[in-house]
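Student: For reference, the sequence and a predicted model appear below.
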Amino acid sequence: MVKVSVIKGDGIGPMIMNSTLRILDTVNDIFNLNLEFIDTPAGDNALREYGSPLPRDSLGKIKNSDVCLKGPVGETAKDVIVFLRQELDLYANIRPFKSFKGVKTFWKDIDFVIVRENTEDLYRCVEDIGVDHAVSLLVITRRRTERIAKIAFDLASRRKRKVTIVHKANVLRSYKFFRDVVLEVSRSFRDIVVEDMYVDNVAYQLIVNPWRFDVLLTPNMFGDILSDEAAGLVGSIGLTCSANIGDNFGLFEPVHGSAPDIDPRFANPLGQILTASMMLEWIAYKRNSRDFLKASTIIRESVEKILDEGKILTPDLGGSSTLDEVTEHVIQHIKEKLI
Ligand code: GGG
């Protein structure tokens, strides 16, 4: 049994999560994965219904589960996801950005990963807000920088062997500290090419030459901001997925937010579905399970097929299909692949 706590979230969240649960039910039946889904209210809707964005009962459900699959939450992001990352020590935010052959963009063959430190920086949320002042503390520690650096170098050693350290060392000494600690760690990874770059230059290079990047190692807030820019390069933020990983637990979520301005019937569920695929891959790795790996792969390939065909696409990808139509087609492709 694999207990999956499921946060449906806000805005488009419940619709894209219901679509994703249909996909997971399909592979659960085919591969006998023994997944159990536990509804876990959190976010703006939970605040309205239970008086808390992350009710105690929900936190308990997450802690008692093997893995968490999360949809986007709205205005309560700080009280839900930023809190959970710190509470569960999910220190590595892994965000892959890879072009899909079928998606039209100005940029082709994008393939890099943002590795974002997930527990400190300004998002430690140590703040003092008065009537005439607002102060937020930028916290960078050696231990947390070293451990995220190791994650980035390990990942790079399985990819194109390059790490770009993202910082703003010319203005803030905290970011100079971040860069210098990562450079110390890099000495144990002699086969990895290391460069360091100001975050503003990274923002520019992502537009003019994104192919130079392999693993971008960032402090917390820069990783958040650059992720949306990176999502633009692959065609839609509605296609992007991410993992929040600690030593013993994983929480998986799309990169995008709750998009309250979008009619949920036309929301793109593929980012949430690819997030589920990423989750299954992590379970496969943790449990050394071929079936979980097969389930993860078949979902990803079915999504890629839809994008390659280019016929059933939601409006963010230039189509006019509904979320339900896209979901049906993913299920159909999964079943076809088994024949
Ligand atoms: N722009 C994407 C978005 O809204 N993501 C949700 C969000 O803000 N999450 C907070 C975080 O990732 O730190």
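Tutor: Ah, there it is.
Student: can you list the residues of the protein near the ligand?
Tutor: Proximity of the chain to the ligand (CB under 6 Å from any ligand atom) is limited to residues 72, 77, 81-82, 224, 228, 256-257. For the C-beta atoms, the positions are set from N, CA and C on the backbone; glycine is no exception.
Student: ok, now how distant is the nearest residue to residue 310 once chain neighbours are set aside from residue 290?
Tutor: Excluding the flanking residues, the one nearest residue 310 by CB to CB, 6 or more residues apart in numbering is residue 102, at 5.4 Å. Distance, residue 102 to residue 290, by CB to CB, to the nearest Å: 28 Å.
Student: more crowded one of the two?
Tutor: residue 102 (16 against 10; other CB atoms under 10 Å).
Student: pretty sure that one is touching residue 304, no?
Tutor: Yes - Residue 102 is within contact range of residue 304, at 7.0 Å (criterion: CB atoms under 8 Å).
Student: Any stretches of this protein with poor pLDDT?
Tutor: For the chain, applying pLDDT under 70 flags no range at all.
Student: how is it carved up into domains?
Tutor: According to automatic domain parsing, the chain comprises the domains 1-90+238-339, 106-233.
Student: and the shortest one, how far from the chain's centre?
Tutor: Put simply, domain 106-233 sits 15 Å off its chain's centre (CA atoms, centre = their mean, to the nearest Å).
Student: Stretch 64-74 too?
Tutor: For stretch 64-74 - counting by CA atoms, centre = their mean - the centre lies 12 Å from the chain centre.
Student: and the end-to-end length of it?
Tutor: 25 Å (CA to CA, to the nearest Å).
Student: tell me which residues in that stretch are buried?
Tutor: Across stretch 64-74, burial judged by 16 or more other CB atoms under 10 Å covers 65-74.
Student: Would you check which pair of those lies furthest apart?
Tutor: Of all pairs drawn from these, the one with the longest distance (CB to CB) is 66 and 74, at 26.6 Å.
Student: residues touching residue 194, list them.
Tutor: Neighbouring residues of residue 194 by CB atoms under 8 Å, 6 or more residues apart in numbering: 162-163, 165, 182-183, 186.
Student: mind checking the SS state of it?
Tutor: strand (DSSP: H, G, I helix; E, B strand; the rest coil).
Student: and what of the one 3 residues further on?
Tutor: Three states are possible here, and by three-state DSSP the one that applies to residue 197 is strand.
Student: distance of it from the ligand?
Tutor: Here the criterion is CB to the nearest ligand atom, to the nearest Å. By it, residue 197 lies 21 Å from the ligand.
Student: same thing with residue 167?
Tutor: From residue 167 to the ligand the distance is 18 Å (CB to the nearest ligand atom).
Student: Over to residue 292?
Tutor: For residue 292, the distance to the ligand - CB to the nearest ligand atom - is 26 Å.
Student: host element of that residue?
Tutor: Assigned by DSSP states H and E, residue 292 falls within helix 290-309.
Student: In whatever helix or strand comes next after that helix, which residues are buried?
Tutor: Of the helices and strands lying after helix 290-309 in sequence (DSSP H and E), the nearest is helix 323-337. Counting neighbours by 16+ other CB under 10 Å, one finds that the buried residues in helix 323-337 are 323, 326-327, 329-331, 333-334.
Student: now the strands for the stretch 51-200 of the chain?
Tutor: Here the stretch 51-200 of the chain has its strands, by DSSP state E, counting those that start in this stretch, at 67-70, 92-98, 111-117, 127-129, 134-136, 162-167, 193-198.
Student: The fourth one - which strands sit beside it in the sheet, and in what orientation?
Tutor: I take that to be strand 127-129. Strand 127-129 has the following strand partners under DSSP bridges: strand 134-136 (antiparallel).
Student: What are the contacting residues of the partner strand?
Tutor: Here strand 134-136 makes contact (CB under 8 Å, 6+ apart) with 122, 125-129.
Student: Could I get the contacting residues of the one residue in the stretch 201-339 of the chain that gets nearest to the ligand?
Tutor: Nearest residue of the stretch 201-339 of the chain to the ligand (CB to the nearest ligand atom) works out as residue 257 at 2.6 Å. Residues near residue 257 by CB under 8 Å, 6+ apart: 11, 72, 74, 77.
Student: What strand or helix carries residue 274?
Tutor: Assessed by DSSP H and E, residue 274 sits inside helix 270-287.
Student: ok, now residue 262?
Tutor: Secondary structure (DSSP H and E) places residue 262 outside all helices and strands.
Student: contacting residues for it?
Tutor: 11-12.
Student: what residue lies at the spatial centre of this structure?
Tutor: Nearest to the mean C-alpha position of the chain, by CA atoms, centre = their mean, lies residue 242 at 1.6 Å.
Student: That residue against residue 254, yeah?
Tutor: Yes - counting by CB under 8 Å, residue 254 is a contact partner of residue 242 at 7.0 Å.
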